Structure formats: structure tokens, C-alpha cells
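Undergrad: Coordinates only, no sequence provided:
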């Protein structure tokens, strides 16, 4: 079992920045592809970003490319999402996800083994 706990969400004005963290416990994080997803009441959960087990490869949704950066510290069992130039449309609950896989493909499609409880991000104009 892997427990994922997100933190770092909050309220920020447009063009501001936030850094989300996802702390894992229970298993070594280096065995998992990791990712971030987000969801609003009006939309289904959508992929935001993913990172390979070693951290050497990343993938981003077009809507956040160039503004968000995913990273990981396997020694600390933590994954991060640095969000810059935030827009009101980035408002959502952000979820951390883990997938025991060799590639990011399945996680990007939404197939995760573990999910965090989510953290709210609110961006005002």
C-alpha cells in the first residue's frame, strides 16, 4: 500500500505561483511513475503532468505546458508540482497519483494504483 498526501494548495491571484507537494509513505516512491491530475465540479478529472520513475522524463497537458513543472525527490519520497503564471481556469482540486509501471502511458490515461485525497487550488482574476 502507498499513502499519498498532497499539500501546498491555496488561493492565489492570476499570474501568481504555487508549489504543490505529494508525500508518499508505505512504499519506495522510486518504483512508481507519478503524476498530477485535477478536477472541477463541472469537468471530469484530467491529466496535468507526469514524471518517470527516475525523473528523467516528464509529460504535460497542453494547457499547462511552459507554466507547470513536475519534479521528484526519491530520497524524500516526494513529488512536486511548481505552478507559475496561474490562470483562473487552473482552479481545481489537484490530485497526486502513483502507478507501478515502467512507462508513463497508463498513468497519463488515468490508470493509477493510488490516489491522494486532493488539495484545492483557487486562482482569482
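TA: Thanks, I have it. As the structure is a prediction and not an experimental result, all values here were calculated from the model. Residues are numbered from 1 along each chain as shown.
Undergrad: Which parts of the protein are helices?
TA: 105-108 (DSSP state H).
Undergrad: what's the burial count for residue 5?
TA: Residue 5 has 14 neighbouring residues, counting by other C-beta atoms under 10 Å. (C-beta placed from N, C-alpha, C; glycine too.)
Undergrad: distance of it from residue 95?
TA: Going from residue 5 to residue 95 by C-beta to C-beta, to the nearest Å gives 11 Å.
Undergrad: Pull up the overlap in contacts between those two.
TA: Between them, residue 5 and residue 95 share the neighbouring residues 116-117, with contact defined by C-beta atoms under 8 Å, 6 or more residues apart in numbering.
Undergrad: Test of understanding: give the bridge partners of the residue nearest the centre of the chain.
TA: Taking C-alpha atoms, centre = their mean, the centroid of the chain lies closest to residue 36, which sits 2.1 Å from it. According to DSSP bridges, the partner residues bridging residue 36 are residue 49, residue 96.
Undergrad: can you tell me which residues contact it?
TA: 20, 22, 48-50, 70, 79, 81, 94-97.
Undergrad: Buried subset of those as a ChimeraX selection?
TA: For the buried members of the contacts of residue 36, the matching ChimeraX selection, counting by 16 or more other C-beta atoms under 10 Å, is:
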select :20,22,48,49,50,70,79,81,94,95,96,97
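Undergrad: Remind me what the helix-or-strand element of the chain with minimal mean pLDDT packs against, helices and strands.
TA: Among the helical and strand segments of the chain, the one scoring lowest on mean pLDDT, DSSP states H and E is helix 105-108, with a mean of 90. The criterion is 3 or more C-beta pairs under 8 Å, 6 or more residues apart in numbering; DSSP states H and E, and the helices and strands that helix 105-108 contacts are strand 33-39, strand 46-51, strand 92-99.
Undergrad: The shortest one to strand 92-99, inter-axis angle?
TA: Following axes from the mean of the first three to the mean of the last three C-alpha atoms, to 10 degrees, one obtains 50 degrees for the angle between strand 46-51 and strand 92-99.
Undergrad: With adjacent residues omitted, what lies nearest to residue 25?
TA: With C-beta to C-beta, 6 or more residues apart in numbering as the measure, residue 3 is the residue that lies nearest to residue 25, at 4.9 Å, once sequence neighbours are left out.
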